[in-house]
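> Starting from these lines, generate the structure:
(one chain, ligands or ions: 1)
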Amino acid sequence: MKFIEVENYEKLSRIASGIICAQVIVKPCSVLGLATGSSPLGTYKNMIEAYENGDVDFSKVKSVNLDEYVGLTGDHEQSYRRFMNDNLFSKINIPMEETHVPNGCATDIEKEGKDYDALIKSLGGIDLQLLGIGLDGHIGFNEPDSFFTAGTHKVELDESTIEANARFFQSKDEVPRFAITMGMEGIMQAKKVLLIANGAAKKEIVEKAFYGPITPEVPASILQLHPDLTVIYSKN
Ligand code: GLP
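So this is what the prediction gives:
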């Protein structure tokens, strides 16, 4: 594991974007695993700038996102599909049809999970997976549990996650109770993993996840077993 501590969010975002852009420059047809939440916003902003400056071309890139709320259509303001379209996809030249987000409105969510895993396999796996981390140690929406789940699956969100994500909705009651998330197999099989975390509030969980025991109670801790993991942390 490479653990990089930086002085602020701007630097974290520039370094993370640099790593992703380097991946695409070296392998233009990369499969990028992408994440939502507030943490990657600065990274995406820097990727857009790199694209606008002509430093990187995303035209051959394919992407798979980690997760989606169950019950939100792709055009819902708080859906992760909408987040990705607004904050990245519509601002770079990745072909929209090569961007994938699990369908939270699928009638059969279990089948959607299996199809999503088959899709990742058919793309040849993920070259680089970007991750944030939840305050309870979740990655994607893999919440603390007594076991790790391998495939893409439906999860019930923890109360603390609902509370943390309520800031994006009008009220806490509007936050969906369920989500569909890539499981640990999809994440761990990525060739490279890049996790970004910022803010003093994340310090404790980052320490637990990367310097504590590997346990499904802290889902991100499984990443300690990944052969090519980079963590970038900024406390400001
Ligand atoms: C959500 C997402 C995660 C993300 C987490 C942290 O629950 N499903 O992928 O890592 O929030 O979000 P933030 O970066 O806003 O702290």
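> Spatially central residue in this protein, please.
Centroid-nearest residue in the chain: residue 35, 2.3 Å away (criterion: C-alpha atoms, centre = their mean).
> List the buried residues for stretch 183-200?
Within stretch 183-200, the residues that count as buried by 16 or more other C-beta atoms under 10 Å are 183-184, 186-198. From N, CA and C alone the C-beta is placed, and that goes for glycine too.
> Which ones, among those, also lie beside the ligand?
Contacts with the ligand within the buried residues of stretch 183-200, counted by C-beta under 6 Å from any ligand atom: none were found.
> Quick check: the two most widely separated of these?
189 and 198 (26.3 Å; C-beta to C-beta).
> Heading C-terminal from the helix or strand bottoming out on mean pLDDT in the chain, find the next helix or strand.
Scoring the helices and strands of the chain by mean pLDDT, DSSP states H and E places helix 159-165 at the bottom, with a mean of 93. Downstream of helix 159-165, the first helix or strand assigned by DSSP states H and E is strand 178-181.
> residues making contact with the helix or strand following that following strand?
Per DSSP H and E, strand 178-181 leads on to helix 184-188 as the next helix or strand towards the C-terminus. Helix 184-188 is contacted from outside by 33, 64, 66, 117, 120, 126, 129, 131, 139-140, 142, 148-152, 193, 219, 222-223, 225-226, using C-beta atoms under 8 Å, 6 or more residues apart in numbering.
> returning to that earlier point: verify the stated contact: the residue nearest to the centre of the chain with residue 128.
No. Here residue 35 does not reach residue 128: they are 11.3 Å apart, not a contact under C-beta atoms under 8 Å.
> Number of residues surrounding the closest residue to residue 161 other than its chain neighbours?
Nearest residue to residue 161, sequence neighbours excluded (C-beta to C-beta, 6 or more residues apart in numbering): residue 134, at 5.8 Å. Neighbours of residue 134 under the rule other C-beta atoms under 10 Å: 24.
> quick one, what contacts residue 134?
Going by C-beta under 8 Å, 6+ apart, residue 134 touches 143, 160, 161, 164, 205.
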